[in-house]
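Peer 1: How does the following fold in three dimensions:
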Amino acid sequence: MSLNVLVTGASGYIGGSIVAEILSLKRGGTLGALVIHAAVRSLEQAQSLTKLDVNVFQLNLSDETAVTESLLSNDIDLVINNATCIDPQIASSLISGLQKQREATGREVFFVQTTGLSAFDENTNWPFGEVKDTDNVYGLERQSRETYVVREVDTFVIEQTKKAGVTGFLIFPPTLHGRGSGTWNQLSPQIPALIQASINHKQVYKFGESRDATLAHVSDVAKFYGQLIEAIFLGKKLPAGEDGHYFLVSHVVSWWDIMDRLAANLHERGLVTTASTKVWPSDEMAAESVGVPTRFAHSIWNSSPKVLCEKATIIGWKPVWTGESFLNSLYQEVDDFLELGLPKSSLLHSLKPVSGHDMN
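Peer 2: The predicted model follows:
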């Protein structure tokens, strides 16, 4: 089959790495008939992608009319939305456009929403403890959606895709690390922000409770998306809709172990005054130091969702990175930060109040 794929956030950390992975599969012949379209916000982002084998355009994803026109004019069958997991309007515009594409062509259309495992963290008022992606995740999120905006958007996506006759998937990456393979932003929001805060304070801080971080390398996550697209391209029937939740944890490492390793590395370079860590004096100081509202500090830099990942193996996902290889690579994370600085555009910039929605 032929397939036209639109990747939103295509110049970002995850989106750019997904585009690179799809292009690699195309060059390998697996997805030779697939056409990649990339939606970005700015001219600079668009220019970074122009040398690739993709159709790039600037698009206001909140403008439902413009989104629908773009999807129809480019004959889009599959949307991978990496733009945001906290704004339902963007998801609504894309799903509505796909519905009109299905009605116009009679073909099956697909919507893939990149969301996050913070939805299953007690720091975000998740009340159900450990959860598997083979559980009734939709039902559990629906019961607790009013207490966290990510769960609200997750359930909205499931309900809207069902109503629109669109085949929907929710993909839940954990805290990501590693250098991305995109053309514009190649760094994750989490680790660089910790490094910047540590350098600013000449001290590495940690939260008072040692919790386990769920992690994956961005290359492993991008590989999952490639395998998912390949499965859709080949016409395989996959769990979707209310059953379409996929968790992507590769390894688990203590946040304190991460901070201790960062402290040792930064001290060796002379960037902090001591190799030992201290506890943040307050959540407010932590949030200000990493540049987010206070309510997000724990859910991003001290998150510990208790999840079991079973469904990704359906498409053959086998992550390469381990907890040990991650800890051993933290020196490279510092090198990448010193070379590139903070991410150009990331999750951190999207953490602003969404009109009409409680983000506590």
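
Peer 1: Walk me through the domains of the chain.
Peer 2: Domains of the chain are assigned by automatic domain parsing as 3-175+217-247, 186-213+251-304+321-350.

Peer 1: quick one: which of the ones you listed is nearest Ala312?
Peer 2: In terms of C-beta to C-beta, the element of those nearest to Ala312 is domain 3-175+217-247, at 5.4 Å. In this view, the C-beta of every residue, glycine as well, is placed from N, C-alpha and C.

Peer 1: distance between the ends of the closest one?
Peer 2: One end of domain 3-175+217-247 to the other measures 25 Å (C-alpha to C-alpha, to the nearest Å).

Peer 1: With stretch 200-213 instead?
Peer 2: 24 Å.

Peer 1: what do you get for stretch 323-335?
Peer 2: 19 Å.

Peer 1: so can I have TSV of the domains of the chain showing distance to Ala312?
Peer 2: Output for the domains of the chain, formatted as TSV (distance: least, C-beta to C-beta, whole Å):
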stretch	distance to Ala312
domain 3-175+217-247	5
domain 186-213+251-304+321-350	14
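
Peer 1: Out of these, which one sits most buried?
Peer 2: Neighbour counts (mean count of other C-beta atoms under 10 Å) averaged over each of these peak at domain 3-175+217-247, with a mean of 20.

Peer 1: What is the distance between it and the centre of its chain?
Peer 2: Centre-to-centre, domain 3-175+217-247 and its host chain are 10 Å apart (C-alpha atoms, centre = their mean, to the nearest Å).

Peer 1: Touching, Trp256 and Ser210? I think so.
Peer 2: Yes: with contacts counted by C-beta atoms under 8 Å, Trp256 reaches Ser210, the gap being 4.2 Å.

Peer 1: Please enumerate the strands of the stretch 101-250 of the chain.
Peer 2: In the stretch 101-250 of the chain, the segments counted as strands under DSSP state E, counting those that start in this stretch are 110-114, 131-132, 167-172, 175-177, 204-206, 212-217, 245-247.

Peer 1: Direction included, what does the third one pair up with?
Peer 2: Pointing back at strand 167-172 there. strand 110-114 (parallel), strand 245-247 (parallel) (DSSP bridges).

Peer 1: Which one of those strands lies nearest to Gln190?
Peer 2: The closest approach between Gln190 and any of the strands paired with strand 167-172, judged by C-beta to C-beta, belongs to strand 110-114 at 15.4 Å.

Peer 1: Any chance you could list what contacts that closest one?
Peer 2: Residues from elsewhere that reach strand 110-114 (C-beta atoms under 8 Å, 6 or more residues apart in numbering): 9, 14, 77-82, 85, 91, 94-95, 98, 153-154, 157, 161, 166-171, 173, 225, 228, 232.

Peer 1: Those residues in helices, which ones?
Peer 2: Applying DSSP state H to the contacts of strand 110-114, the entries found in helices are Ile14, Ala91, Leu94, Ile95, Leu98, Val153, Asp154, Val157, Thr161, Tyr225, Leu228, Ile232.

Peer 1: Tell me which two in these are the farthest apart.
Peer 2: Longest span within those, C-beta to C-beta: Val153 and Ile232, 22.1 Å.

Peer 1: How about the contacts made by Ile171?
Peer 2: With contacts defined as C-beta under 8 Å, 6+ apart, Ile171 is in contact with Val112, Gln113, Thr114, Thr115, Phe224, Tyr225, Leu228, Tyr246, Leu248.

Peer 1: For the residues you listed, please prepare CSV with the additional fields distance to Thr134 and pLDDT.
Peer 2: Output for the contacts of Ile171, formatted as CSV (distance: C-beta to C-beta, whole Å; pLDDT from 0 to 100):
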residue, distance to Thr134, pLDDT
Val112, 19, 98
Gln113, 19, 98
Thr114, 20, 98
Thr115, 17, 97
Phe224, 16, 98
Tyr225, 20, 98
Leu228, 17, 97
Tyr246, 10, 98
Leu248, 14, 98
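
Peer 1: could you dump those residues to CSV with distance to Ser299?
Peer 2: Below are the contacts of Ile171 laid out as CSV (distance: C-beta to C-beta, whole Å):
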residue, distance to Ser299
Val112, 23
Gln113, 18
Thr114, 17
Thr115, 13
Phe224, 23
Tyr225, 23
Leu228, 26
Tyr246, 20
Leu248, 17
